[in-house]
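Asks: pasting the structure only:
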């Protein structure tokens, strides 16, 4: 039952594992050292951390803002909720193509977003094949766009489950709105926020298909690979056939996610 | 006098706050909807018309359906579509049977070490998918199931989380009902079909919906396990179209393919809006 875990652990220590003959010629830490010295892996780790650090706080904050606004209106509320939820049911690879076209600069056109930037007096940038930070920007925007529906859904339901008596009592006492938010709303929904932050961290560390959607399957060439992307590339594809390296990288990812989750849980326990 | 002024001020303040609120909400709605609008719009533009617009127009003067024809004839989009439909239906159906039987075993049947097995089962949820995928990949490759529907479907016919969800549901049914059925000589299987399944229908619907969404959008596993186009699902298909698609950068036709791929789930979503959102609230992840 725990077979996959043990199995991958074993693979990660077998040196030079060969698929066809299922043989290997040694055991040791070589796979780990190879992976940790591979520039593609280091790039992937860097990309993943940047995506996590930017998108998790940003998406949680925006989702909180939108949910607060939503909870204050009654008219059109369910229409907005339906619209906001749409990205959840769409194929991320398909919609990623639309984002790519909106941001891409080609010989025919600078692309929609660049024209918008021009309108505000900025210069065009090629977001898809251009400089690293341009690519990272699109990446983060798209990731936020994709994860938003889930967060808005969870937070709106958390907000609507707060007992309205608290708000009435606060209003009778003449409490200022900001104080109501800080003293009543936030403490009441903080378990849900922690839940979203934890799942957000885990999800962002496993980012992969959104990257493929924007930059194509050869993520190493685009310099936009992620840890999970590295694992799968090692497993299969043009650079594939190295399950040992893939396993070592996957174990490293597992360790990172585990550490972050434990830290998160410790913080949320203390609160 | 003063009172009237205060009241008027409050009214203005409220009006301004309401407008700002609406503007922000509409802004986000536009951000969400714009890509959808864009893909439909572009898919209706002719190849020549699209490429001659340096500043893309936000509307289309002479819509054409030629791109949709191209999408189905120039690339095997129909094939991808059919594959995905088969994959989704079979996977969901088989998974429903598997998890119902498993949940029934854990909730109702008495056997030695039941709780122990269930705890081990639950701890499986902690293992990240990436690790499981590596093992599955090696297993399926060794069984020579690459490029086959069995290989695609097999790893996703069970789900610990859904079993857990369903087991909780089954356990809420009072024991007395079970004993009454037993006294009447009802078999376990009949009890499951006639009593438990109808009672747990909402949960089963939730699970079905979540699974269908997951199947339709799955990318990683199909990509690892298929390299023969005859077995591509839509996600891999669209990636293939993007990389070696129509022989030229035919963006309108590409967008037509994107619309075709996205349409089924959006239609299902609009029909089952309430159930889907409630279902995701109960058991969804992603994000």
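Replies: Alright, I've got the coordinates. Quick caveat: nothing in here was measured; it's all calculated off a predicted structure.
Asks: State which helix of the chain is the longest.
Replies: Went with chain A since none was named. Across chain A, the longest stretch assigned as helix under DSSP state H is helix A:39-71.
Asks: not what I meant, chain B
Replies: helix B:2-43.
Asks: Could you give the separation of it from the chain centroid?
Replies: 31 Å (C-alpha atoms, centre = their mean, to the nearest Å).
Asks: What residues sit buried inside the helix or strand that comes right after it?
Replies: Under the assignment DSSP states H and E, the closest C-terminal helix or strand after helix B:2-43 is helix B:47-52. Using 16 or more other C-beta atoms under 10 Å in any protein chain shown as the burial criterion, the residues of helix B:47-52 that qualify are B:47, B:50-51. C-betas here are computed from N, CA, C, even on glycine.
Asks: Equivalent analysis for stretch B:28-36, please.
Replies: The neighbour-count criterion (16+ other C-beta under 10 Å) identifies B:28-29, B:32, B:35-36 as the buried residues of stretch B:28-36.
Asks: is any part of it close to chain A?
Replies: Yes - Stretch B:28-36 comes into contact with chain A when judged by C-beta under 8 Å from any C-beta of the partner chain, the residues involved being B:28-29, B:31-33, B:35-36.
Asks: Pipe those residues into TSV and attach pLDDT per row.
Replies: TSV is the format used below for the residues of stretch B:28-36 next to chain A (pLDDT from 0 to 100):
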residue	pLDDT
B:28	93
B:29	93
B:31	92
B:32	93
B:33	93
B:35	91
B:36	92
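Asks: which one of the residues you listed is nearest residue A:177?
Replies: residue B:28 (20.9 Å; C-beta to C-beta).
Asks: list the contacts for the closest one?
Replies: Going by C-beta atoms under 8 Å, 6 or more residues apart in numbering or on different chains, residue B:28 touches A:66, A:84.
Asks: ok, now with 10 Å
Replies: Contacts for residue B:28 (C-beta atoms under 10 Å, 6 or more residues apart in numbering or on different chains) come out as A:62-63, A:65-66, A:69-70, A:80, A:83-84, A:148, A:152.
Asks: circling back to that earlier point, next, the buried residues of the longest helix of chain A.
Replies: Taking 16+ other C-beta under 10 Å as the neighbour-count basis, helix A:39-71 is seen to contain the buried residues A:40-41, A:43-45, A:47-48, A:51-52, A:54-56, A:58-60, A:63-64, A:66-71.
Asks: ok, and which of the residues you listed reach chain B?
Replies: Here is what survives when these are matched to chain B using C-beta under 10 Å from any C-beta of the partner chain: A:55, A:59, A:63, A:66, A:68-70.
Asks: Is residue B:75 in a helix, a strand, or coil?
Replies: Put simply, residue B:75 is coil when judged by DSSP: H, G, I helix; E, B strand; the rest coil.
Asks: Pop out the phi and psi values for it.
Replies: Dihedral pair for residue B:75: phi -130, psi 150, per degrees, to the nearest 10.
Asks: For it, give its distance to residue B:228.
Replies: Distance from residue B:75 to residue B:228, counting by C-beta to C-beta, to the nearest Å: 15 Å.
Asks: neighbours around the residue in the stretch 101-250 of chain B that chain A sits nearest to, how many?
Replies: Across the stretch 101-250 of chain B, the shortest distance to chain A (C-beta to the nearest C-beta) belongs to residue B:135, at 4.1 Å. Close neighbours of residue B:135, defined as other C-beta atoms under 10 Å in any protein chain shown, add up to 21.
Asks: Check the one 5 residues further on too.
Replies: Using other C-beta under 10 Å, residue B:140 is surrounded by 20 other residues.
Asks: May I ask which helix or strand of the chain has the lowest mean pLDDT?
Replies: With no chain named, the answer covers chain A. Ranked by mean pLDDT, DSSP states H and E, the weakest helix or strand in chain A is helix A:3-13, scoring a mean of 71.
Asks: ah, I was thinking of chain B
Replies: In chain B, compared on mean pLDDT, DSSP H and E, the secondary structure element with the least confidence is helix B:47-52, at a mean of 76.
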